[in-house]
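Q: Structure here, sequence nowhere to be found:
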Ligand SMILES: N[C@@H](CCC(=O)N[C@@H](CS)C(=O)NCC(=O)O)C(=O)O
């Protein structure tokens, strides 16, 4: 995937999407897919994972990714703000269900998948606890620790994370079976909506794609695939069938990052 630098991006108009270069960060993968489905053109801007990214902070006030910057508007990094920007700038079928109750359900599922304290948030805390990474130099450990403190790492956080992740998976599984019974291929209503895209992007933290589908950097697939047995057991096959369908029909593979 081609990236431009922050300095180059600052001189442009239109949508610039800051992404973690070289890694399939699920928040970034989701943002990219949302803009793709809404046919919003963007240029990708490079963020370096675990680094201070001072030029990005000077531009947007954020160190991490994704950040979506449209024209001279303030940069957006929250998943909901990004959905709403894709809605505003895009065309074609909406990412939000037409029925207001369905919209609330869709955004509720999305919040559970990618919001603070949600599924991915909890899985990230677990990954750290599992100590999946091979022994690393002290400087890298320090950078990782600094990054994790920005992602809700507190002494008790990893203890509660598995139960939170399991609860959210159970809800998604229940809903998918319910939808299957009513003849729908989607999490809410009868059409693709934002929560389907969010689940596809974040399903990597339940069962990673293959290396052909997603050419992970060394060690990252293994890290995504490590989880306590009770969390793995909550990952019913219907979740993976759903994400495979969403990638095949709406997003496309292999993943590029
Ligand atoms: N902005 C997101 C979180 C984004 C996030 O967690 N980004 C990660 C992965 S996509 C990242 O940039 N990691 C690399 C880093 O922190 O340097 C939110 O609203 O919760």
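A: Happy to help now that I have it. All of these numbers come straight from a predicted model, not from anything done at the bench. Numbers count the residues shown, from 1 in each chain.
Q: Which stretches in the stretch 51-200 of the chain count as strands?
A: For the stretch 51-200 of the chain, strands defined by DSSP state E, counting those that start in this stretch occupy the ranges 67-70.
Q: show me the contacts for the closest residue to the ligand within the stretch 51-200 of the chain.
A: Closest residue of the stretch 51-200 of the chain to the ligand, CB to the nearest ligand atom: residue 64 (3.3 Å). The C-beta positions use only the backbone N, C-alpha and C, and glycine is treated the same way. Residues near residue 64 by CB atoms under 8 Å, 6 or more residues apart in numbering: 20, 47, 53, 77, 147, 150.
Q: Buried among these? Make that a ChimeraX selection.
A: To isolate the buried ones among those in ChimeraX, judged by 16 or more other CB atoms under 10 Å, type:
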select :20,47,53,77,147
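Q: Farthest pair within the contacts of residue 64?
A: Spatially, the most separated pair among those is 77 and 147, at 14.7 Å (CB to CB).
Q: that's a strand at residue 45, yeah?
A: Yes. When classified by DSSP: H, G, I helix; E, B strand; the rest coil, residue 45 is found to be part of a strand.
Q: Which pLDDT value belongs to the residue of the stretch 51-200 of the chain closest to the ligand?
A: On pLDDT, residue 64 comes in at 97.
Q: One more: residue 194?
A: Value listed for residue 194 in the pLDDT field: 98.
Q: residues near the closest residue to it other than its chain neighbours, how many?
A: Among residues not flanking residue 194 along the chain, residue 95 sits closest, at 4.3 Å (CB to CB, 6 or more residues apart in numbering). Neighbourhood size, residue 95 [other CB atoms under 10 Å]: 24.
Q: check contacts around residue 95.
A: Applying CB under 8 Å, 6+ apart, the residues near residue 95 are 34, 37-38, 83, 86-87, 192-194, 197.
Q: and if you look at residue 33?
A: Here residue 33 is in contact with 197, 200-201, 250-251 (CB under 8 Å, 6+ apart).
Q: Could you point out which residue ranges in the stretch 101-250 of the chain have low pLDDT?
A: Within the stretch 101-250 of the chain, the stretches with pLDDT under 70 are 129-136.
Q: gap between the strand or helix carrying residue 240 and the chain center?
A: In the assignment (DSSP states H and E), residue 240 maps to helix 237-246. Offset of helix 237-246 from its chain centre (CA atoms, centre = their mean, to the nearest Å): 16 Å.
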